[in-house]
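**Q** here is my input, please return the structure:
(2 chains)
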Amino acid sequence: MSKPLQAPPKKNPQKRTVSPTRPPESRSRASLGLSAAAAEGRFALQHCTECSAIQYPPRDACCACLSTALRWLNTDAKGSILAETTVRTSTKLYFRERSPWRTGTVKLDCGPVIICHLHGDCEQQGRVELINRLDRSGQAVLLALPQTRKPNMEDDPQLRAITSDPKHRRILITDARNPNTVALANALSNAGAALIFVGESESWRPYPAQAELANMTGVEVLPLDVTDTSSVDKLAGEIGGKTDILINNARFIRPGGVLERGDTTFARNEMEVNYLGLMRLAQAFGPAMRSRTADGVNAAVAWVNVLSVHALSNLPAFGCFSASNAAARSLAQSLRAEFRSSGLRVMNVYVGPTEDDWHQPLPPPKVLPQNLARTMVQGLRDGLEEMYCGDVAKDVYERFRDNPNVLERESTLAGEGA
Amino acid sequence: MSQALLTELAAKIATGTIRVVDLTHTLDPDFPVIILPPEFGQCARFRMEEVSAYDHRGPAWKWHNISMSEHTGTHFDAPAHWISGRDLPKNSVDEIDPENFVGPVVVIDCSEGAAANADFELTPKIIAAWEQQHGSIPPQSWVLMRTDWSKKSGADYLNMHDDGPHSPGPTPDAVQFLIDQRNIRGFGTETVGTDAGQGSHYVPPYPAHYYLHGAGKYGLQCLNNLDQLPATGAFLMAMPLKIKNGTGSPLRVMAMVAEG
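**A** All right, here's what the predicted structure looks like:
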């Protein structure tokens, strides 16, 4: 059983904040397929399309038949521990600071033998299931977990090191006005968040959840308008040094494409909130967050964006909104790269139509606030980078992966006409 | 004669015998603006982005790019702002003859009524009572409705409820009286618009906007410090930016007040 993680003591103001160090980043190009799967929390291995062999570690050719026709496929991750050891010292700073570190060999039921990290609850020679996750270098690492859940499993130091678990962390949700904010705050609070800051724009303008948020325990409502640089800078000045997870749920949505609108007014609002809002937050909160990724139990750990899945491929009914999200997605990729050397993780949660005023005329399924909240908390617990919430988002992503050009054609049909 | 007047004016301002009162709110990103149903385009808030601040982006200078609506903060409404004034000549801020930007001003104090009732209305009866005391409103005067609303901040300013904002303003017949019977130059308020918060429920909706701009008159809103003006005798200076085809403009509104 893992030792339950205690809430950290107040920080000693005389001690220097620990500088982040990183596990080794180097991988072969072939291995990046594993990291890409880890970003989504999938356990995938190379399958040879010619001889059906499953292989690990990743290579450029099949180790059985030398074919280069290899596909990354989700693979059954169950297996048994063959041998184990505990690393007590290392030439790598990252592991030196975290030793002892348990590692072992696992033989998968589907064939390959894999050297991986072992969760503290794994029994000798026991049955395990591997998970494929990103480490603080942003590269895939495999960790063996016992097949049955044990108490406080998530508190295992080797697991916690690769997740973005909200437990004991202080979280900023940027937009109190979003109809999903109460559900997000509740879910994070239930997941053990120490404190939840909620940014409220334009306090001179009431909104439905205002009283409820103000009365929630563990929630502090503070002024924040992502379209106003001075407001973002001010809040970052106040709480930037104790924001461990930032969840940017601010979004501006209006229906319509280019010709239907006939002006750039809403498009400008969309870019101000969805694109520049993200940039302002990153410029204000990013520097402190990325300097605090080794700051103990409540080290800064993740940056979360809520994006429309139509950032991948435009939905013309919300054409301009989709475009602003495509811009935000691209910016998030830049941010991910810029945060990478610190280990701070950018998680994008993609949604289809959400249950709100702007999607009211659209048929279900729509993403409910509590669904988004559940997905987001799970993504943080799993330390993911890319998540698709709800059936529409998952379906669009599948079709995007399959063939982006076909998806575009499907999404832009004009309908039968004369 | 006129030259002497100007020289004397300058001297009196310098000595404080004539006091200059600033009737303007600070352009602040968090200052309320009018809120329309969200499917309509909205009034842009005041925003300021730093371009450089004596740093690598510009070593010896600091400056900002600013953005806002024509109708953000303390601002001027030109006749072109409203559909009733759309076809009038010289109806945009750049075309208005400059002498219209300076002139006499009267202040009707409604602060007591507005304190008691957020939906307080300026009626012809109140204007008549005011004239009883101060004399007839001179033609080509600015008429300002003092409510002390400028002292409110936060949610109290718009006073937005589920049935819309609640703030004082003139009734349709009061506006018609000021235009038809007194030929005023313009009408100004301390609230976010020249009309009452519930002004959309009058016939016609937004009567101050409708009648004033239809008659080629001007509007001023989000005014400040009206409690420092006398009921009559002050001199108003309200000069909008010269925006091509502008329907309004943020501006610095000043008044000159004789002290003693």
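
**Q** tell me the SS of A:Arg149?
**A** Recorded secondary structure, A:Arg149: coil (DSSP: H, G, I helix; E, B strand; the rest coil).

**Q** can you count the residues close to it?
**A** Using other Cβ atoms under 10 Å in any protein chain shown, A:Arg149 has 9 neighbouring residues. Quick note: C-beta positions are derived from backbone N, CA and C, even for glycine.

**Q** state the pLDDT value of it.
**A** pLDDT recorded at A:Arg149 is 91.

**Q** tell me the contacts of it?
**A** Residues near A:Arg149 by Cβ atoms under 8 Å, 6 or more residues apart in numbering or on different chains: none.

**Q** make it 10 Å
**A** Going by Cβ atoms under 10 Å, 6 or more residues apart in numbering or on different chains, A:Arg149 touches A:Asp121.

**Q** check A:Pro223 too.
**A** Shown in contact with A:Pro223 (Cβ under 10 Å, 6+ apart): A:Ala176, A:Gly199, A:Glu200, A:Ser201, A:Glu202, A:Ser203, A:Ser231, A:Lys234, A:Leu235, A:Glu238, B:Asp30.

**Q** stretch A:240-249 near chain B anywhere?
**A** No: judged by Cβ under 10 Å from any Cβ of the partner chain, stretch A:240-249 stays clear of chain B, getting no closer than 17.6 Å.

**Q** tell me the average confidence for that stretch?
**A** Here the average pLDDT along stretch A:240-249 is 98.

**Q** may I have it as CSV, with CA atoms only?
**A** The C-alpha coordinates for stretch A:240-249 follow below in CSV (Å, rounded to 0.1, in the frame of the first residue of the first chain):
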residue,chain,number,x,y,z
GLY,A,240,1.2,33.3,-10.0
GLY,A,241,3.7,31.8,-7.5
LYS,A,242,1.1,29.5,-6.1
THR,A,243,-0.7,28.4,-9.2
ASP,A,244,0.1,24.7,-9.6
ILE,A,245,-2.5,24.0,-12.3
LEU,A,246,-4.1,26.6,-14.6
ILE,A,247,-7.3,25.7,-16.3
ASN,A,248,-8.2,28.1,-19.1
ASN,A,249,-11.9,27.6,-19.6
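
**Q** please state the offset of that stretch from the chain centre?
**A** 13 Å (Cα atoms, centre = their mean, to the nearest Å).

**Q** again with stretch B:125-142
**A** With Cα atoms, centre = their mean, you get 19 Å for stretch B:125-142.

**Q** okay, the contacts of A:Pro223 in a markdown table with neighbour count, secondary structure and distance to B:Thr189 next?
**A** Converted to a markdown table, those look like this (neighbours: other Cβ atoms under 10 Å in any protein chain shown; DSSP: H, G, I helix; E, B strand; the rest coil; distance: Cβ to Cβ, whole Å):
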| residue | neighbour count | secondary structure | distance to B:Thr189 |
| --- | --- | --- | --- |
| A:Ala176 | 25 | coil | 30 |
| A:Gly199 | 27 | strand | 32 |
| A:Glu200 | 21 | strand | 28 |
| A:Ser201 | 22 | coil | 26 |
| A:Glu202 | 23 | coil | 21 |
| A:Ser203 | 17 | coil | 23 |
| A:Ser231 | 21 | helix | 27 |
| A:Lys234 | 14 | helix | 31 |
| A:Leu235 | 22 | helix | 33 |
| A:Glu238 | 13 | helix | 36 |
| B:Asp30 | 17 | coil | 20 |
